[in-house]
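**Q** Structure here, sequence nowhere to be found:
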């Protein structure tokens with residue numbers, strides 16, 4: 001059984017995540033990152049792929065004849081051709097909910113940075129402006145209290161809900177626009193148009209799909225208050241980046257605080273790199289070590305479940321549909337003995353972590 005883990009450099013920094021627990025499932029090969037062509041060349045005999053952002057297009061899938069399972073070190077799966085996998089009866093499992101607290105924390109940090117012009121003031125002090133100040137302080141950049149301001153949440157999954165909870169604790173009015181409206185929600189549901197028009201801070205927390213790609217565009221940006229701030233910790237493709245840059249540079253939007261862009265790493269010609277009042281962080285919301293340890297543990301739990309014949313969080317089957325492995329596929333055996341249990345080594349309550 002050959003297991004190829006691609007993207008180790010995006011999951012473990014300075015070897016702070018131990019991948020060796022996967023060796024009990026088969027021959028483990030580790031790769032820091034591979035292009036589509038390199039994936040085909042290096043993983044042609046792979047039975048299992050464990051990946052983060054690796055491009056698994058139809059060409060790659062079709063070129064790996066032994067592939068039976070793809071485990072994602074991510075919640076999003078727009079880097080995998082699900083239809084190609086379904087045709088081959090390849091199970092694809094994502095990892096939801098592992099980063100709820102970390103991403104919500106980062107979204108609120110961006111919100112507060114925008115409310116207090118923190119980036120501008122830190123940069124100003126670094127330039128020596130405070131040393132030249134005639135008084136004890138100065139007020140070159142606007143600041144607002146978030147209490148009483150309106151926080152718009154687009155997408156009320158686990159992360160969106162957590163951001164709403166924190167915003168409410170800060171005294172903000174919460175408005176929600178989401179595909180599925182559930183009874184008992186403590187916040188007001190509104191239309192997309194009303195959300196864009198009323199939000200002082202608008203935070204995106206939806207998946208990127210055909211319906212949401214380009215959600216933030218010239219039309220929806222025109223609905224927003226000139227004083228509003230946009231926050232995106234979801235997917236870069238939710239935003240028409242040129243339209244956002246134009247709105248910022250034209251003074252039609254106060255600011256944008258983004259952890260993601262449409263193509264990563266960011267290209268030098270991305271219009272948001274030098275747009276007015278646009279602050280970018282390099283897709284780091286999910287990166288606290290506790291979060292990455294939790295992610296690795298859950299990826300291994302998914303793999304163990306697949307070996308047992310009971311995969312869950314399968315993203316390439318419809319609701320109510322049963323995934324049937326091809327009759328010709330060689331059955332997979334669960335390892336008889338697990339020398340290192342993930343619940344011990346990667347326990348969130350382990351004081352050594």
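**A** Looks like it came in fine. Values in this document were obtained by computation on a predicted structure and should not be read as measured data.
**Q** Quick check: residue 118 vs residue 196, distance?
**A** 25 Å (C-beta to C-beta, to the nearest Å). To be clear about C-beta, it is placed using only N, CA and C from the backbone, and glycine gets the same treatment.
**Q** So those two - more neighbours on which side?
**A** residue 196 (24 against 16; other C-beta atoms under 10 Å).
**Q** can you confirm that one is in a helix?
**A** Yes: the assignment for residue 196 by DSSP: H, G, I helix; E, B strand; the rest coil puts it in a helix.
**Q** Helices of the protein, residue ranges please.
**A** For the chain, applying DSSP state H gives helices covering 36-42, 58-62, 82-87, 100-115, 118-126, 158-169, 192-198, 218-221, 241-249, 289-308, 342-345.
**Q** of all those, which gets the most neighbours per residue?
**A** Most buried of the helices of the chain by mean neighbour count (mean count of other C-beta atoms under 10 Å) is helix 100-115; its value is a mean of 22.
**Q** Mind giving me the packing neighbours of it?
**A** helix 158-169, strand 201-204, strand 229-232, strand 255-258, strand 278-280, helix 289-308 (3 or more C-beta pairs under 8 Å, 6 or more residues apart in numbering; DSSP states H and E).
**Q** sorry, back to before: any chance of the helices of the chain in CSV, with mean pLDDT and distance to residue 228 too?
**A** Output for those, formatted as CSV (pLDDT from 0 to 100; distance: least, C-beta to C-beta, whole Å):
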stretch, mean pLDDT, distance to residue 228
helix 36-42, 97, 39
helix 58-62, 97, 40
helix 82-87, 96, 35
helix 100-115, 98, 10
helix 118-126, 98, 17
helix 158-169, 97, 14
helix 192-198, 98, 9
helix 218-221, 98, 9
helix 241-249, 98, 10
helix 289-308, 97, 29
helix 342-345, 31, 43
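**Q** if we compare these, which one ends up closest to residue 185?
**A** helix 158-169 (8.9 Å; C-beta to C-beta).
**Q** before we move on, back to that, of the helices and strands packed on helix 100-115, which is nearest residue 58?
**A** Using C-beta to C-beta, the helices and strands packed on helix 100-115 put helix 289-308 closest to residue 58, at 22.0 Å.
**Q** how far does that closest one sit from the chain's center?
**A** 17 Å (C-alpha atoms, centre = their mean, to the nearest Å).
**Q** Where do the domain boundaries of the protein fall?
**A** 2-98+288-345, 100-280 (automatic domain parsing).
**Q** how much space between the most far-flung residue of the chain relative to its centre and residue 6?
**A** Distance from the centre of the chain peaks at residue 134, with 44.7 Å (C-alpha atoms, centre = their mean). Separation of residue 134 from residue 6 (C-beta to C-beta) stands at 57 Å.
**Q** Worst mean pLDDT among the domains of the chain?
**A** When these are compared on mean pLDDT, domain 2-98+288-345 scores lowest, with a mean of 86.
**Q** List the contacts of the most centrally placed residue in the chain.
**A** Centrality entry for the chain: nearest residue to the mean C-alpha point is residue 234, 5.2 Å, by C-alpha atoms, centre = their mean. Applying C-beta atoms under 8 Å, 6 or more residues apart in numbering, one finds that residue 234 lies in contact with 155, 204-208, 260.
**Q** Export the residues you listed to CSV and append columns for neighbour count and distance to residue 253.
**A** Below are the contacts of residue 234 laid out as CSV (neighbours: other C-beta atoms under 10 Å; distance: C-beta to C-beta, whole Å):
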residue, neighbour count, distance to residue 253
155, 21, 20
204, 24, 14
205, 26, 19
206, 21, 20
207, 16, 24
208, 20, 21
260, 23, 18
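**Q** Of these, just say which sits nearest to residue 242.
**A** residue 260 (16.2 Å).
**Q** my guess is that closest one meets residue 232, correct?
**A** Yes: between residue 260 and residue 232 there is a contact under C-beta atoms under 8 Å: 5.9 Å.
**Q** burial of residue 54, as a residue count?
**A** Going by other C-beta under 10 Å, the residues that sit close to residue 54 add up to 25.
**Q** right, and it touches residue 7 too?
**A** Yes: counting by C-beta under 8 Å, residue 7 is a contact partner of residue 54 at 5.8 Å.
**Q** Fine by me, we can end here.
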